Structures are given as structure tokens and as C-alpha cells.
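Student: have a look at this fold, sequence not included:
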């Protein structure tokens, strides 16, 4: 197993119909996903789809897939099964038959909520976006926060990756 540094992951970033596409977000989001994968030494090409939407858009996903009728900041839709958190916990990967790549899953993030939370927490919009993308990417890798131990492990991993990207906690 390698360190994952020479892998060219496929990060697809889309903006919902109500949002103006901002190419600087493409780079920032892709980098956050890739840094998360690097932190886990992912050693095969993975595909992650990211949709930037608004509160109405994420509310629709939340209602349809989680039966929760409200907006949230980010949703993760993993496509692989992990028996434990992290890359080592991947269980019987299901590859794309056409490309041979490993689809990890989808991330949906509300830019409206990101902006509100950034202001509330005293962060930049970029920091808040990166934090949530890393958080969601960790969910795609089998991390969760269902109990105190797993919550701490996920939080620590999130902080490690965001610092490796050059952000400081509450970066302004």
C-alpha cells in the first residue's frame, strides 16, 4: 500500500441552479477533499462529487434522503462500506466497472448556511467551507460522530487536515 501522494483523484464540483459558479471554490473544495484523502494514504483513484447549493436545495435533499424537513450545512452520501473509520476500514470496495475508479460518494453543501456559520463563528467563508468539506469527506471514509470517542477522533482528524492545509482554528 502506498502513501497516496501520486494519485489523481477525481473531484467534481457543481453549483446549483440558483448559485453563480465561482471557479475559486472548485480549487478550494478539490484541495480539501484531496488533502483529506492524503491524510488517510488513500492509494487508488477515488471519485467524489460535490454540489454547492442553497438552503432550499439542501433542505430538499435532507427531506428526500433523511426525512428531515429543514436546511443543514452539509450532507454526506457515502457509496462504500467501511467496517471501521478510515481508509484501512474499507470493506469490499465497489469499483466503477467502466473506469476502474472508486466512487467514494457525494457531498451536498449549502453556501447560504456556510456564510451564516462563518459570520457566527468568526471564520472566513473559505475556512468554513474547507472545514465542512473535510468533515463530509471524513464521513465518506467511514468516520462518524455517533458517540464521544468517534466524535473526538473525527474532530481531531478534521483539525489535523485543516491545519495541514494552512488554516488555523477560527482563521479570519
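Tutor: Right, received. Where do you want to start? It should be emphasised that the depicted structure is a prediction, and the values quoted were computed from it without experimental measurement.
Student: for the rest of this, base every contact and every neighbour count on C-alpha atoms.
Tutor: Noted.
Student: what's the closest non-adjacent residue to residue 59?
Tutor: residue 71 (4.1 Å; Cα to Cα, 6 or more residues apart in numbering).
Student: quick one, what contacts the one you found?
Tutor: Taking Cα atoms under 8 Å, 6 or more residues apart in numbering as the criterion, residue 71 is in contact with 55, 56, 58, 59, 60, 62.
Student: same thing but at 6 Å, please
Tutor: 55, 58, 59 (Cα atoms under 6 Å, 6 or more residues apart in numbering).
Student: gap between the first one and residue 69?
Tutor: As defined by Cα to Cα, to the nearest Å, residue 55 lies at a distance of 11 Å from residue 69.
Student: who has more neighbours, the two?
Tutor: residue 55 (17 against 13; other Cα atoms under 10 Å).
Student: per-residue pLDDT, the more buried one?
Tutor: If you check residue 55, the pLDDT there is 96.
Student: tell me the contacts of it?
Tutor: Residues near residue 55 by Cα under 6 Å, 6+ apart: 71, 110.
Student: number of residues surrounding residue 70?
Tutor: 13.
Student: nope, residue 164 is what I was after
Tutor: Residue 164 - counted by other Cα under 10 Å - has 14 other residues nearby.
Student: give me the element the nearest residue in space to it that is not next to it in sequence is part of.
Tutor: In this structure, residue 164 finds its nearest non-sequential neighbour in residue 35, 7.9 Å apart by Cα to Cα, 6+ apart. Using DSSP states H and E, residue 35 falls within helix 23-39.
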